[in-house]
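>>> Structure here, sequence nowhere to be found:
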C-alpha cells in the first residue's frame, strides 16, 4: 500500500512482475490488501502480468474475490483477467468470492465468455447436411 515506494521502484525500473518467496506479485498483494490506488498505478505498466499464479495457484483475481474487493475485481475483469484459472484446490476466483458483489461480477464475466461454438465434428456434419 506504499504508493511513493512503488513509484520509486518503477522509476528505478524494478520489474513489475517480480515474485516473492510464495510466488506473489505486487499486483497480487495490492489486490489482497484492497489497495485500489496501487492497482491503478500497476495497470499503467505495459508488461503487467494479470494472471500470474502463485505457489498456491491463486491469481490477483482470486485474492480480490476472496477478500471481497468488488471494485478491484471489476478493475481486473475490465483489464482482461482470466476467470477460468483454478488454484491448487481446483477453485476458481468465483468459488472464492466472499460477497455477492464479487460473485455477481465474476458470474457475469464467465457467462459472457461462454458463448457456444460448434466443434469441428458439428461443423463437418453441418457441411455434409448442406449437400
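In hand now; what should we look at? The structure presented is a predicted model; accordingly, all values stated were derived computationally and were not measured. Numbers count the residues shown, from 1 in each chain.
>>> was I right about residue 73 contacting residue 63?
No. Counting by C-beta atoms under 8 Å, residue 73 sits too far from residue 63 to count as a contact (9.8 Å). Where you see a C-beta, it was placed from the backbone N, CA and C, and this is true even at glycine.
>>> what comes into contact with stretch 87-101?
53, 56-59, 61-62, 64-68, 70, 73, 83-86, 103, 106-107, 110 (C-beta atoms under 8 Å, 6 or more residues apart in numbering).
>>> likewise stretch 66-73?
With C-beta under 8 Å, 6+ apart, stretch 66-73 has contacts from 31-34, 36, 39, 58, 61, 64-65, 93, 96-99, 101-102, 105-106.
>>> Report the buried members of these.
31-34, 39, 58, 61, 64-65, 93, 96-97, 101-102, 105-106 (16 or more other C-beta atoms under 10 Å).
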